[in-house]
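Undergrad: Need the 3D shape of this:
(chains A and B)
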Amino acid sequence: MNKTMYKTMNRTLYLLLICLLGAIAAVSGAQDELGTLKIAALEALITAPPSRALPIVQRVLKSDDREDIKARALFVLSQIDLPEAHATLVAMAQNSTGALQIEAIRMIGVSGAPVAMASLAEIYTAGSEDVRGAVLKAYLIADDSQAVYRIAAAATDPQALERALHMLGAMGAVEEVRALGARVEMSETLAQAYAMTGDIESLRKMAFDAAKPEAQVFAIRGLGLTSAPAANAALLSIYREQQSDVVRHAALEGLMISGYDQGVLALYRETQDIAAKRELLQLLVMMDSDAVWDEIDRALDERP
Amino acid sequence: MNEQTLTFYYYGDGLDEDERRAVELALASDPQLAQQYQRLAAELDALLVSASAPAQAPSHLRAQWHDVVDRAAQQEAALNRPAVAPKSRFHAASFFWGGALTASLVLGITIGVYMTAEQGPGVATDPLLTDADPVTAAGSGAFSRGLLLHFEDSRRQLAALSATENGERSELMLELVAQNRLFERAAEQSDAQDLARVLRAFEPVLLRLIEEDLPATEMAALRSQLGFELNIMLTKLTVELSDKADTIET
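TA: Next up is the predicted model:
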């Protein structure tokens, strides 16, 4: 088959499918058995010219079709790069309810269209918890960390701030999390967000700040979560230098979380304190460290 | 013979024995097609080289985090054996992750993916970000073809999902999440922002499918919607690749 014939056939097929979808959408009181066919027809629309596909998708969204069919229509809409398509997405996100509203918000993120993205701030302010969560996810999808930062900075509710901070962590937004870190007292969430962005510098600063012992513990665990060499080195320093038992204990937890058995082994070898040696040896056993068996042999062979 | 068939032939997947033989015959008898296949294979080789190393990273990270879970279990077991374990200053309950290991697993994977700096030997770097030339890769179409296969693979795995046990399902989904993130990063680096957004939108759904207490009806609905979205992206990419091939030929 030559290319021209193939293309002509394709176009004919599109037209057929578009007519089919139009006819199906026009049938009031959509029947369940038509659902599969409608979804197939919607799928075919992605290859149709956007200006032709748009009114059909809009018709499906206005119909009394099942919610799952409309959700699929929303995805097709997100792939149509026309201002009218973006406006329809915004209208759906503002005026729908329940799962369809959440899906419309998600699709605004997928489209990434600036006008539609700009509408999300208002939807967030007016929305329920679920809607707010969906807006944050849409920002994640569109990789708009500045918008999440604005929400976090303006948050008066600690839960909203915590959620936004987690989202910034997941987005790897180092600068935004740091900027919030200077303004909020939420050590556990902050430490997790720092860990998620791999911001060892901020975690280290927090972990060495003896004025805030609770925050120190969270930061130390965060260092363990990153498993990075610089974090492991910081954990060893904390164990060696800090006086507080709670903080030193947290440093061991961090080393365990990190799986850095060589560091624990080094601490075991250098300490002269029998109680500390016993604790470190136990930790090495728990970590299933290969090196621990030599140390156990050596300890058993030692003579008074 | 179209490029998709040649791509399937290259990966030894998606073609039955007769179709494979037909490709072999065509390649033997048509020097122009053989040349086209050589070019394609070279591009896909390059893609494999850049993708093979990062593919190891998520499984390593997974192993590491499973390790954390195992160690916590061992510690609990040790603490529950008072005759063997002397009094220790460690308390399992004091670990902030003690009651939320699954959450830590997901968090850990997130960290592994988003960590871009100061990575140690324990965490593999991502050659898609460092070694490969993403612009060239995208320009050559290898990225799109790789993505096409990722979408097809995801669709196939999603279809098989209901038949899998919970543990196996988590493994499958984590594998898909890891692959999805590799392509997401590659898309970002290739400045294919529209694709990157779609890939990012898939991820929360894939992570939701990992949840063991997910009701069957919700799982079915999520799978169905995701399957549809994958189909749409497959069609879109196939058309784009085909258009690109047409442009090159004309």
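Undergrad: hey, which helix or strand in chain B has the poorest pLDDT?
TA: helix B:127-130 (a mean of 31; mean pLDDT, DSSP states H and E).
Undergrad: thought residue A:57 was touching residue A:77?
TA: Yes - using CB atoms under 8 Å, residue A:57 and residue A:77 qualify as a contacting pair, with a distance of 5.1 Å. Using the backbone N, CA and C atoms, a C-beta is placed for each residue, glycine as well.
Undergrad: Pick out whichever of the two has more residues nearby.
TA: residue A:77 (29 against 25; other CB atoms under 10 Å in any protein chain shown).
Undergrad: show me the contacts for the more buried one.
TA: Taking CB atoms under 8 Å, 6 or more residues apart in numbering or on different chains as the criterion, residue A:77 is in contact with A:54, A:57-58, A:61, A:85, A:88-89, A:107, A:111.
Undergrad: any chance of those in a markdown table, plus pLDDT and distance to residue B:143?
TA: Output for the contacts of residue A:77, formatted as a markdown table (pLDDT from 0 to 100; distance: CB to CB, whole Å):
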| residue | pLDDT | distance to residue B:143 |
| --- | --- | --- |
| A:54 | 96 | 29 |
| A:57 | 96 | 28 |
| A:58 | 97 | 33 |
| A:61 | 97 | 33 |
| A:85 | 97 | 26 |
| A:88 | 98 | 31 |
| A:89 | 98 | 27 |
| A:107 | 97 | 24 |
| A:111 | 97 | 22 |
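Undergrad: Kindly indicate the member of the residues you listed with the most neighbours.
TA: That'd be residue A:111 among the contacts of residue A:77, by other CB under 10 Å, with 28 neighbours.
Undergrad: does the residue nearest to residue A:45 when sequence neighbours are not counted belong to a helix or a strand, and which?
TA: Excluding the flanking residues, the one nearest residue A:45 by CB to CB, 6 or more residues apart in numbering or on different chains is residue A:53, at 4.3 Å. In this structure, residue A:53 sits in helix A:50-62 according to DSSP states H and E.
Undergrad: which secondary structure elements does that helix contact?
TA: helix A:3-26, helix A:32-44, helix A:67-78, helix A:83-95 (3 or more CB pairs under 8 Å, 6 or more residues apart in numbering or on different chains; DSSP states H and E).
Undergrad: still on that earlier bit, shared neighbours, residue A:57 and residue A:77?
TA: What both residue A:57 and residue A:77 touch, as defined by CB under 8 Å, 6+ apart, is the set A:85, A:88.
Undergrad: For the stretch 1-150 of chain A, which residues are neighbours of chain B?
TA: A:3, A:39, A:42-44, A:46-47, A:68, A:71-72, A:75-76, A:79, A:106, A:109-112, A:137, A:140-143 (CB under 8 Å from any CB of the partner chain).
Undergrad: ok, 7 Å please
TA: A:3, A:39, A:43, A:46-47, A:68, A:71-72, A:75-76, A:79, A:106, A:109-110, A:112, A:137, A:140-142 (CB under 7 Å from any CB of the partner chain).
Undergrad: Buried only: go through these for me.
TA: Neighbour-count burial (16 or more other CB atoms under 10 Å in any protein chain shown) is assigned, among the residues of the stretch 1-150 of chain A next to chain B, to A:39, A:43, A:46-47, A:68, A:71-72, A:75-76, A:79, A:106, A:109-110, A:112, A:137, A:140-142.
Undergrad: distance between stretch A:279-298 and the chain's centre?
TA: Chain-centre distance of stretch A:279-298: 37 Å, with CA atoms, centre = their mean, to the nearest Å.
Undergrad: Does chain B have contacts with that stretch?
TA: Yes - applying CB under 7 Å from any CB, one finds stretch A:279-298 touching chain B at A:279, A:282, A:286-287.
Undergrad: Nearest spatial neighbour of residue B:41, chain-adjacent residues omitted?
TA: Per CB to CB, 6+ apart, closest to residue B:41 is residue B:10, 5.6 Å.
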